[in-house]
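**Student:** Quick check, what structure comes out for this input:
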Amino acid sequence: MPRRQLSQHNLTKRKGTWYFQVVRGGRRVRFSLETGDLEEACTLRDEALAELEHPTPGVTLAQFAPVYLGAVKGKLKQSTYAAHRALLRPPDPKQPGDKGGLLYRELGHLRLDKIDQQALKAFWRDAVVKPGLKHRTGLTYLGVLSQLFIHAQLHDLVEHNPTLGMRAVLRKLSTTSRERAEKGSQANPLSQAEETTLLASSRAAYDAVAGKTGRYHGRAAELAHVACMLGLKAGLRLGEIHGLEWRDIRDGEIRVVRNIASGKYREDLTKSGRDRSIPIESHHLRPLLDDWAQRCGNPSGNTPVLPRFHPRNFSAREFEPWAPGHSPKDLRSTFATRMLDRGVPPPFVSKQLGHASIQTTLD
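**Tutor:** Numbering: from 1, shown residues only. Modelled structure (predicted):
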């Protein structure tokens, strides 16, 4: 039997692997055939051409997902491909109760041409909002869907990419990263009486261990009082208090240059991305810091001002009994309120708090 004539039309070979390329929708698309044999490559190419010329109508996302994963397997990085496959994989028959990847589970039953903004909004509500996932996680899901729809367009299965319209809707609803950093609970400053009670209680706990000899051993009451004063008289966030070092306190001012979030100590920017310097104007704060330095053995350099300080423990164990109905965030609100009441210009108050905009301060 004579061997068939092998045509290399639409085939290119790179590093021992044959690739099939075709122009669809005005774009050149290249697929890895994952073989170095020309005859097998021709067979795979002919099957791909037949599929492109006679697309199956009414294909669901679950049916098209393997086609997409096969097309991008040789084009995406291994880690990226693994992430796409985790979202689009079918159920594993070897694992009872497995329903497959998230996108396969939520949208796999829908036809590609029937997935519109309404379906994507329902998906966003059920898969992102209700579980409490981050906004950027949902955008990752949409990114995978967008790539899948691009390939579906090349196969003439859909006319448009619905994820583009969904991104525009989310863009209107979302805020910038800096605005999200400033977004929080409504301001609830302490009254004058509550502030007096807080300072008296925390100071009493601080003085209860005064005169102790030896090195500092991490007494929680001392840490809590210093933290309260830094929030109330300097307007520092808890993460900024956690990241404060002795080298940042000099020349009568506190330089705020780092923020520690989620307990991870790293040289990070402040929450709003802006460094600032705060004058130590309070006649209570300056002597307290001098006394605290003495208790700690007069440290310097990059030694933390509050070693062994845990913001979560501070909130639940020390602060709440001293100021019922308030959270540590209210210390900053009280600091801002007192400055505004004294007639300090709002732009200066905003700068002292490290806010991204003056509107955040006024709100």
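
**Student:** Which helix or strand lies directly C-terminal to whichever strand or helix holds E47?
**Tutor:** Under DSSP states H and E, the secondary-structure element containing E47 is helix 38-53. Note on helix 38-53: by DSSP H and E, the next helix or strand toward the C-terminus is helix 61-72.

**Student:** and the lengthiest strand in the chain, which residues are buried?
**Tutor:** Scanning the chain for the strand with the most residues, using DSSP state E, yields strand 17-24. Within strand 17-24, the residues scored as buried using 16 or more other C-beta atoms under 10 Å are 18-20. From N, CA and C alone the C-beta is placed, and that goes for glycine too.

**Student:** Pull the CA coordinates from it and hand them back as PDB.
**Tutor:** Extracted in PDB, the C-alpha atoms of strand 17-24 (Å, rounded to 0.1, in the frame of the first residue of the first chain):
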ATOM      1  CA  THR A  17       7.600  19.600  18.300                       C
ATOM      2  CA  TRP A  18       5.100  20.200  15.500                       C
ATOM      3  CA  TYR A  19       2.700  23.200  15.800                       C
ATOM      4  CA  PHE A  20      -0.500  23.800  13.900                       C
ATOM      5  CA  GLN A  21      -1.300  27.400  13.000                       C
ATOM      6  CA  VAL A  22      -4.400  28.900  11.500                       C
ATOM      7  CA  VAL A  23      -5.900  32.300  11.000                       C
ATOM      8  CA  ARG A  24      -9.300  32.800  12.700                       C
END
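
**Student:** pLDDT at T337, what is it?
**Tutor:** T337 is assigned a pLDDT of 88 by the prediction.

**Student:** Does it touch N188 like I think?
**Tutor:** No - counting by C-beta atoms under 8 Å, T337 does not reach N188; the two are 10.1 Å apart.

**Student:** Please say which of these two ends up with more neighbours.
**Tutor:** Neighbour count, other C-beta atoms under 10 Å: between T337 and N188, T337 has more, with 16 against 12.

**Student:** So for M166, what's the nearest residue that isn't a sequence neighbour?
**Tutor:** L120 (4.4 Å; C-beta to C-beta, 6 or more residues apart in numbering).

**Student:** and L107, what does it touch?
**Tutor:** Contact analysis of L107 by C-beta atoms under 8 Å, 6 or more residues apart in numbering lists 61, 115, 119, 123, 145.

**Student:** now swap in T163 and tell me
**Tutor:** 120, 142, 145-146, 149.

**Student:** So which of those is the closest to E39?
**Tutor:** F149 (33.7 Å; C-beta to C-beta).

**Student:** number of nearby residues for the nearest residue to that closest one once chain neighbours are set aside?
**Tutor:** Closest residue in space to F149, ignoring its immediate chain neighbours: N161 at 4.4 Å, by C-beta to C-beta, 6+ apart. Residues near N161, counting by other C-beta under 10 Å, number 17.

**Student:** what's E106 in contact with, if anything?
**Tutor:** Neighbour list for E106: 123, 126-127 [criterion: C-beta under 8 Å, 6+ apart].

**Student:** Kindly indicate which of those residues lies nearest Q153.
**Tutor:** For the contacts of E106, the closest approach to Q153 (C-beta to C-beta) belongs to F123, at 19.6 Å.

**Student:** what kind of secondary structure is that closest one in?
**Tutor:** Look at F123: counting by DSSP: H, G, I helix; E, B strand; the rest coil, its state is helix.

**Student:** now L340
**Tutor:** Under three-state DSSP, the three-state class of L340 is helix.

**Student:** Verify the contact between it and F348 for me.
**Tutor:** No - if you go by C-beta under 8 Å, L340 and F348 don't touch, sitting 10.0 Å apart.

**Student:** Quick one: mean pLDDT over stretch 136-147.
**Tutor:** Throughout stretch 136-147, pLDDT has a mean value of 89.

**Student:** which residues sit against it?
**Tutor:** Residues external to stretch 136-147 that are found in contact with it (C-beta under 8 Å, 6+ apart): 68, 72, 83-84, 87-88, 102-103, 107, 120, 123-124, 127-128, 161, 163-164, 166-167, 170.

**Student:** buried ones in the top helix by length along the chain?
**Tutor:** The longest helix of the chain (DSSP state H) is helix 135-154. Buried positions in helix 135-154, judged by neighbour count with 16+ other C-beta under 10 Å: 138-139, 141-142, 144-154.

**Student:** quick check, nearest of those residues to I358?
**Tutor:** Taking C-beta to C-beta as the measure, I358 lies nearest L139 of these, at 29.4 Å.

**Student:** Next, find the distance separating the closest one from A71.
**Tutor:** Counting by C-beta to C-beta, to the nearest Å, the gap from L139 to A71 is 23 Å.

**Student:** pretty sure I260 belongs to a strand, no?
**Tutor:** No - the assignment for I260, made by three-state DSSP, is coil rather than a strand.

**Student:** Do a quick rundown of the strands in the chain.
**Tutor:** 11-14, 17-24, 27-32, 249-250, 253-256, 276-279.
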